[in-house]
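A.B. asks: For reference, the sequence and a predicted model appear below.
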Amino acid sequence: MSEPHDQPDSTRRLPTVESVPAGGVRTMDQSASGSSYEPVPVPDRPGGRAGRFWSQRRIPAALVALVVLGGAGLLLYDVAAVRADHPAMRWRRSLADDLASRHLDDVWVLAGSAAAAALGLWLLFLSLTPGLRALLPMRRDHAGVRAGLDRNAAALVLRDRAVEVSGVQSVRVRMGRRKATVRAVSHFRELDDVRADLDTVLGTGLEELGLGKPPGLSVHVRRPAKKG
């Protein structure tokens, strides 16, 4: 594996084994080439720190509010009916009798407790995490302006940059929050040369995206699969 392309003094090209068949046409035996490196830290801008966007969690909040409101309203109505000398609802009497007859080590009691604890932990996790993982925060050049870039859009930009490199037949880009993984297929040129050009082009592309925390870059180049 070679070092990143942005350090040309320490880059060493991997040797390729070439064979010359009877027809005199050379075929390269190297089947893959890859590199991976972390981005250079971006200095703080005067506009402020580019933090992640927080999701408003409208759907979970609405569901929890509806469940709590419905349960509280039904229980309040039943308590008011009992205070007015009316019999309690059948479901509350059945539930009270059932809970009074079951022990704490009962399977259904343990299962209900585990489900309630899991639901509480899930709600707590949603309240403490920002969410919106598909939105990458961009640099804040102005204090009052915040912008974000969709991960799919960023992957599409990098893919368009990669297909312009000579020798690239097809490209797949997976854009994560911490690393962009690029897998390219090259049908001609040496794989190390194609990967080096992709390192340069995609590294520049990541910088031009203007992200607050540029992700690392992992580039893999291989030959197309042989047919038959």
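C.D. replies: In hand now; what should we look at?
A.B. asks: quick one, phi psi at the spatially most central residue of the chain?
C.D. replies: Centroid-nearest residue in the chain, with Cα atoms, centre = their mean: residue 176, separated by 4.8 Å. Main-chain torsions, residue 176, degrees, to the nearest 10: phi -100, psi 180.
A.B. asks: measure it to residue 155 for me?
C.D. replies: 10 Å (Cβ to Cβ, to the nearest Å). For every residue, glycine as well, the C-beta is placed using N, CA and C.
A.B. asks: List the beta-bridge partners for residue 217.
C.D. replies: residue 37, residue 180 (DSSP bridges).
A.B. asks: Need the three-state assignment for the residue located most distally from the centre of the chain.
C.D. replies: No residue in the chain sits farther from the centre than residue 85, which is 57.8 Å out by Cα atoms, centre = their mean. Under DSSP: H, G, I helix; E, B strand; the rest coil, residue 85 falls in the coil class.
A.B. asks: show me where the chain has helices.
C.D. replies: Secondary structure of the chain (DSSP state H): helices at 58-83, 90-101, 107-128, 151-162, 191-208.
A.B. asks: Now distance to residue 141 too, for these, in a markdown table please.
C.D. replies: Below are the helices of the chain laid out as a markdown table (distance: least, Cβ to Cβ, whole Å):
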| stretch | distance to residue 141 |
| --- | --- |
| helix 58-83 | 30 |
| helix 90-101 | 59 |
| helix 107-128 | 29 |
| helix 151-162 | 18 |
| helix 191-208 | 14 |
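A.B. asks: nearest to residue 221, of those helices?
C.D. replies: Distance to residue 221, taken as Cβ to Cβ, is lowest for helix 191-208 among the helices of the chain, at 4.5 Å.
A.B. asks: And the closest one, what's buried?
C.D. replies: By 16 or more other Cβ atoms under 10 Å, the buried positions in helix 191-208 come out as 191-199, 201-203, 205-206.
A.B. asks: quick one: contacts for residue 75?
C.D. replies: Residues counted as contacts of residue 75 (Cβ atoms under 8 Å, 6 or more residues apart in numbering) are residue 92.
A.B. asks: Return the distance of it relative to residue 191.
C.D. replies: From residue 75 to residue 191 the distance is 69 Å (Cβ to Cβ).
A.B. asks: Could I get the helices of the chain in CSV, plus columns for distance to residue 223 and mean pLDDT?
C.D. replies: Below are the helices of the chain laid out as CSV (distance: least, Cβ to Cβ, whole Å; pLDDT from 0 to 100):
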stretch, distance to residue 223, mean pLDDT
helix 58-83, 46, 87
helix 90-101, 67, 81
helix 107-128, 44, 88
helix 151-162, 16, 93
helix 191-208, 7, 91
